[in-house]
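Asker: what would the 3D arrangement of this be:
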Amino acid sequence: MADNKTLAEITAVKSETPEIKVFVLEPRDRSLLAKIEPGAHIDISVGGHLRQYSLCNGPEDREFFLIAVKKEPESRGGSRAMHETLSVGDWLEIGPPRNNFRLALGAQASFLLAGGIGITPLLSMARHLQCRGAPYRLLYFARSREQAAFFEELSSEKMREKAAILLGLDAAATRGHLAEVLRRPAEGTHVYACGPQPFLEAVRAQTDGRWPSAQVHFEYFQAQEKSADPGDRTFKVKLASSGEIFEIPPGKTIAKVLAENGIAVEVSCEQGICGTCLTGVLQGLPDHRDELLDDDVDDLMALCVSRAKSDLIVIDL
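Answerer: Coordinates of the predicted model:
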């Protein structure tokens, strides 16, 4: 087991919808529970795959990790294994909580936009904001009542003034509703969006160039499709620990070249969305191709997708 991994026992399983199950996980290393934050996720090794699942924990949920997993019809094995092979009493290998979708607790207000299973990190945010008495609004787009997770809680007297569940809207109606609610940027308000790719593209279409980029935050299930850059060139990467230097040609990632040379780099999504392979940069300029880091970040890079603007880049490996 990797040094940063631990085992967690499944202590409860609940069918939230016909497609979504909620799992309660109690880690053997209890110190990891202190790292629970709204927007955070954990890595889970299941069915021979490493997958990321957002934490749904509210501020009172400090004794366990709470995740919700949708069984995807085109699952590569992760969600299917979670649904079909696991039960109470089973143990899973998990990683510590990591947060690439951090809630700005000092914001004047928060606007949470969820599509489908994208409700999971936003529910955690809503629970924390509700507890703090902080201004927020949550819009949850779901295909039907039967497929809307956490319907009872979001419809409860405690949350229904802040949360609205929008059922059965087609793509055009969803885009129209987002255009209406996002048409006027609100000073000091941060927008958070999580859901399927078309949903996030619809949110981005309404916020790009209109809302300050620092106030809009996205959590992706998969990376945005990008065409190959014909300007990609060979660059060199140097490992700070050993001084070894490797050439990274067009069409190959740093992680791939290092793996071919027997140097293990932990990767998961290989799309630049999960943060598993984020590595420190000690020298040189990264060319970010991920969905996590802003262009002006020069001390970190995602080895699974990003390249270098400089001829040589020195990484903290």
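Asker: report the contact partners of the nearest residue to residue 244 once chain neighbours are set aside.
Answerer: When the adjacent residues along the chain are set aside, residue 244 lies closest to residue 238, with 7.1 Å between them (Cβ to Cβ, 6 or more residues apart in numbering). For the C-beta atoms, the positions are set from N, CA and C on the backbone; glycine is no exception. Counting by Cβ atoms under 8 Å, 6 or more residues apart in numbering, residue 238 makes contact with 244, 245, 283, 312, 313, 314, 315.
Asker: isn't the third one up against residue 314?
Answerer: Just to be clear, that refers to residue 283. Yes: contact status for residue 283 versus residue 314: in contact at 3.8 Å, counting by Cβ atoms under 8 Å.
Asker: and those two? Which one has more around it.
Answerer: More crowded of residue 283 and residue 314, by other Cβ atoms under 10 Å: residue 314, with 19 against 12.
Asker: name the SS class of that one, please.
Answerer: Here residue 314 takes the strand state, with states given by DSSP: H, G, I helix; E, B strand; the rest coil.
Asker: burial count for the closest residue to residue 99 other than its chain neighbours?
Answerer: Leaving aside its sequence neighbours, residue 99 sits nearest to residue 40 (Cβ to Cβ, 6+ apart; 4.1 Å). Residue crowding around residue 40 was assessed by other Cβ under 10 Å; the count is 21.
Asker: residues contacting the residue nearest in space to the middle of the chain?
Answerer: Residue closest to the average C-alpha location in the chain (Cα atoms, centre = their mean): residue 219, at 4.7 Å. Residues near residue 219 by Cβ under 8 Å, 6+ apart: 39, 54, 100, 101, 118, 121, 192, 193, 194.
Asker: look up how far residue 69 lies from the nearest residue to the last one once chain neighbours are set aside.
Answerer: Across the structure, with Cβ to Cβ, 6+ apart as the measure, the residue nearest residue 194 apart from its sequence neighbours is residue 118 (3.5 Å). Counting by Cβ to Cβ, to the nearest Å, the gap from residue 118 to residue 69 is 13 Å.
Asker: again with residue 174
Answerer: Residue 174 is 24 Å from residue 69, by Cβ to Cβ.
Asker: more neighbours: these two, which one.
Answerer: For residue 174 versus residue 69, neighbours defined as other Cβ under 10 Å are more numerous around residue 69 (27 against 18).
Asker: and the residue lying closest to that one once chain neighbours are set aside, helix, strand or coil?
Answerer: Sequence neighbours aside, residue 82 is the residue nearest to residue 69 in space, at 4.6 Å (criterion: Cβ to Cβ, 6+ apart). Three-state call for residue 82 (three-state DSSP): helix.
Asker: ditto for the one 5 residues further on
Answerer: On the three-state scheme (three-state DSSP), residue 87 is labelled coil.
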